[in-house]
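Participant: please find the sequence and the predicted model below.
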Amino acid sequence: MSKSHTPSKKSPPSQSGSSILRFFVKMGIFCGGLVLCGLLLAGMALALAWPNLPDLHAMTDYRPRVPLRVYTADNVLIGEFGEERRNVLRFDEIPDVMKSAVLAAEDDRFYEHGGIDWMGVARAGLTNLVSMSKSQGASTITMQVARNFYLSSEKTYSRKFYELLLTFKIESELTKNQILELYMNQIYLGHRAYGFAAASRTYFGKPLSEVTAAEAAMLAGIPKAPSRYNPIANYKRAEIRQHYILGRMQSLGYLTHAEYEQAMAQKIVMKPAEGTPAGGYAIHGEYVAELARQLLYGIYQDELYSRGINIYTTVLSKDQEVAYDAVRDAVLQYTRRAVYPGPEAQLDMPEGIENNPEALDEFLDAAFEKYTDSDDLLTAVVLSATPNEIKVMRSASEVISITDKKVLNVVARSLNPKAAEDKRLKRGSVVHIRKFGDGWEVINMPAVQAAFVALSPQDGAIRAMVGGFDFYRGKFNRVTQAWRQPGSNIKPFVYAASLERGLTPATQISDQPFQLTAAQTGSKPWSPKNYGNTYEPMLTMRQALYKSKNMVSIRILQAIGPQYAQEYLTRFGFDKARQPAVLPLALGAGSVTPLQLAGAYAVFANGGYRVAPYLIDRVTDSSGKVLMQSKPVVAGDEAARAIDPRTAFVMDDMLRGVATSGTAARARAILKRSDLAGKTGTTNESVDAWFSGYTPSLVATAWMGFDQPKSLGSRETGGGVAMPIWVEYMSHALKGVPEQKQRPRPEGLIVDRGEYYFSEFPPGQAVARLGLSAPAPAETDQLGDFLNDLVGGSDKSIRVSPNVGASQQAPWTQQIPF
């Protein structure tokens, strides 16, 4: 029996291999497609972006323009405006040591690569990928030129793409020497210095051709972080950077060992040249310079910044600096009294970072770039905080210990471990510190603002102007732009109006409270009050001004009529539309600027003339030729008379009394002068605090408040927070100025029993009483009762002396409210 065998089936030997082959073929096609798509997309992006790249004409035809410069009356530079504030040098005029220092610091392979250091790009890309952020770059000198001329410095991939394209374009159209020349002429180096030639004058007071290797290395270290690595802001850090660059210069062969040792041993002398921002801005006139720029821009437009125009203001440099200090001192003093609000920010500070100086400085740099200094108010980061000691850092090498109990008491709530997280001071808290005696204090960046302006009452020339606590935290000029309620600062002008309507400083006026119903006001009930809620049966007008009594002021305004007072106030320069013809006008319900108030008080100081405040004395071109010259109106010119000279004299006399025994008496006690006059002002709920005062030669107004109106505190008044600014300024401005006698009494004024009367309103005919029954003051004098009774013929009117008949009265005095 035979057995049959079925042959076994075998797979084709090439089947497995062909599958793998097909897989790789497909993957190759797929990858090739991706590459092709990428190339197509890149090509499209390039095609779209390249035509939009800027023309390099601005680089190759670079011509510096002479900036606008602003000076004080005594020729101190306070401002410089223009995009280009540089001293431009040709490539062959730049010393080799400076070029070498820049290459060693920024791009030692500059002459070898094509504009992009691909190794650096790869390194930065890997770092960014690991950290999942766009924090590090690999910019070459060419890239920086591209960015500084045309692009922003934000760290985004789209900006980087355009930067790369523009870098290629620059490299293709300019030589390496041209690129380096551009870089060295336009890079920002701190303190408003652009380019190394300007920086050499700013920091060393010498031309770039004279710098040593040590000085060149210090300048070359600034671009890394101009605000932190310049030797004025932080010499220690600048020196560390300088030493690093000198070492690089030696290792690259730019310096011999002997030259390196000599450079390391050289002591750098800081000597900013006159006329540079660092050396010339000896005073803080930022608000003055900016206002002067604005005034001239309307005439010259953009040409203002390139024609070499010089503006000479009326401001006096020493007066301006004192005003700046006075405003800052008052704001900081108020800030110390207020509750400490906690740190400005809380940073996540890595443990042990203080043991790595380089990492710590990087950490602090980032913090200080975001949270900046304000003059002598410095930013710091807390290292540790306990109720007995606060340690803060300005740099890895500058740790400050604060242990003064008075200082710690100010922030005691924030040192409590149980304090709210946003108010607690702890490791990583961003705070502000300031020199305080022999030590330091912790103080928050002020939220409150203040303003001050002083001018000559003879012609309106502004002598000092400070528009806020810190110009660099907002250019809003509160002297000219802040419309605020003047409070009692407006009362002298209402009183002045009443003098020309028959009232006198001796007029007796009720000080009793009253109220108006909604029906009587036409809107809502009104119950005005005196400050402190204290009242007296009766006061003379003079006494009421000394004590700043609200009830008396309202009765005076009602007597003369709000419409009349509204018109009268325009004589002093107040805007009619901003002074409503309603009774609250007597308490400062209108709106004024500090400059308006100062100009208005000048009318009392100069005998009754309205002189418009002005800031610019003259304008010249770069050669000194006068282009514009001011011709101010001067007190004494009868065409400028605003009020009766008798009114000016009587008001000046009463305001001198306010500074002698009234709400402004402290000013005279401190300054020890008899020629002072002034008035405090505090609005409802202490939202605005004022003091305006003058001598015959100088008038000034100070204000304090919040930009977003809110109460300064129930106990804060114009005499407490604004007057100190005025007093501090006047103590300097009046030093060496002899006291001036009161102006001679004008004709037409009668003196009776030590009080003044207009000749047309002599004793017996002038208004003797207001809101009072004859012969004794009434127990109650409610305005509402009078208004209700007026229709029925009530006799509650202004009353004259009993011996004067109605026929002898001025017609308007016979039936006037209360």
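Facilitator: Received the coordinates, thanks. Being a predicted model, the structure only gives us computed values, none of them experimental.
Participant: now do the contacts for the residue minimising distance to the centre of the chain.
Facilitator: Geometric centre of the chain, nearest residue: Phe471, 2.4 Å, by Cα atoms, centre = their mean. Applying Cβ atoms under 8 Å, 6 or more residues apart in numbering, we find Phe471 in contact with 284, 286-287, 290. In short, each C-beta sits where N, CA and C put it, glycine included.
Participant: and the helices in the stretch 301-450 of the chain, which stretches?
Facilitator: 317-337, 357-370, 405-410, 412-415 (DSSP state H, counting those that start in this stretch).
Participant: and of these, who's closest to Arg666?
Facilitator: Comparing those against Arg666 with Cβ to Cβ, the closest turns out to be helix 317-337 (14.1 Å).
Participant: just the buried residues of the contacts of Phe471.
Facilitator: Listed as buried from those are 284, 286-287, 290; burial here means 16 or more other Cβ atoms under 10 Å.
Participant: and those as CSV, adding distance to Gly195 and secondary structure?
Facilitator: Formatted as CSV, the buried ones among the contacts of Phe471 follow (distance: Cβ to Cβ, whole Å; DSSP: H, G, I helix; E, B strand; the rest coil):
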residue, distance to Gly195, secondary structure
His284, 26, coil
Glu286, 23, helix
Tyr287, 28, helix
Glu290, 24, helix
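Participant: name the nearest of these relative to Ser429.
Facilitator: Ser429 has its nearest neighbour among those in His284, at 28.8 Å by Cβ to Cβ.
Participant: now that closest one. Nearest residue, chain neighbours left out?
Facilitator: Distances taken as Cβ to Cβ, 6 or more residues apart in numbering put Tyr324 closest to His284, at 4.2 Å, once the chain neighbours are dropped.
Participant: for the one you found, what are its contacts?
Facilitator: Applying Cβ under 8 Å, 6+ apart, the residues near Tyr324 are 283-284, 466.
Participant: so which of these sits lowest on pLDDT?
Facilitator: Scanning the contacts of Tyr324 for pLDDT, the smallest score is found at Ile283, 90.
Participant: what about the nearest residue to Thr72 once chain neighbours are set aside, how many neighbours?
Facilitator: Excluding its sequence neighbours, the residue lying closest to Thr72 (Cβ to Cβ, 6+ apart) is Ser317, at 4.4 Å. By other Cβ atoms under 10 Å, 19 other residues sit near Ser317.
Participant: could you do the one 4 residues further on as well?
Facilitator: When neighbours are defined as other Cβ under 10 Å, Glu321 has 19 of them.
Participant: just Ala577 next, same as before
Facilitator: Burial of Ala577 is recorded as 10 neighbouring residues (other Cβ under 10 Å).
Participant: what's the distance between Ile390 and Arg424?
Facilitator: Note on Ile390: its distance to Arg424, by Cβ to Cβ, to the nearest Å, is 12 Å.
Participant: assign a three-state SS to Asn185, would you?
Facilitator: Look at Asn185: counting by DSSP: H, G, I helix; E, B strand; the rest coil, its state is helix.
Participant: am I right that it is in contact with Gly195?
Facilitator: Yes - between Asn185 and Gly195 a contact is recorded at 4.3 Å, counting by Cβ atoms under 8 Å.
Participant: output the contacts of Tyr324 in JSON lines; the columns should cover distance to Ala689.
Facilitator: Below are the contacts of Tyr324 laid out as JSON lines (distance: Cβ to Cβ, whole Å):
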{"residue": "Ile283", "distance to Ala689": "26"}
{"residue": "His284", "distance to Ala689": "22"}
{"residue": "Val466", "distance to Ala689": "16"}
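Participant: of all the residues you listed, which comes closest to Gln765?
Facilitator: For those, the nearest to Gln765 is Val466 (47.7 Å; Cβ to Cβ).
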